[in-house]
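Visitor: just coords:
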């Protein structure tokens, strides 16, 4: 295509990395497993679980085991909604959520054993 130089490609790449809050979409997906999984980063095809994750985040300080169970239920529901993870961002989201569940389970088992 005529007129498409490196600056056009860079511009297109930057326009895809639109800002959402303080993080860009790219940063959000990269840091998803490091930060709190919240209802703002749920893929649109899994929007039904956003409320469950919102509750988990709200009660985490007061009741970490209940928050864990909420996230576990959200993961199960996400898997029922999209079992093959074909939706956009679903595989990454489910992987990050599962990794967080595994990390939290280790901490909870150490704290409550």
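Guide: Now that the structure is in, tell me what you want to look at. If you're wondering where the values come from, they're calculated on a predicted model, not measured in any experiment.

Visitor: what about stretch 97-105, average pLDDT?
Guide: Average pLDDT, stretch 97-105: 95.

Visitor: mind listing what's buried in that stretch?
Guide: 97-98, 100, 104 (16 or more other CB atoms under 10 Å). Bear in mind the C-beta positions are built from the backbone N, C-alpha and C, glycine included.

Visitor: Now, those residues that are in helices?
Guide: Among the buried residues of stretch 97-105, the residues falling in helices (DSSP state H) are 97-98, 100, 104.

Visitor: Any chance of those residues in JSON lines with distance to residue 52 as columns?
Guide: Shown next, in JSON lines, are these (distance: CB to CB, whole Å):
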{"residue": "97", "distance to residue 52": "11"}
{"residue": "98", "distance to residue 52": "15"}
{"residue": "100", "distance to residue 52": "14"}
{"residue": "104", "distance to residue 52": "15"}
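
Visitor: Out of those residues, which is nearest to residue 47?
Guide: residue 97 (14.6 Å; CB to CB).

Visitor: residues touching the closest one, list them.
Guide: Each residue near residue 97 by CB atoms under 8 Å, 6 or more residues apart in numbering is listed here: 37, 71, 74-75, 78.
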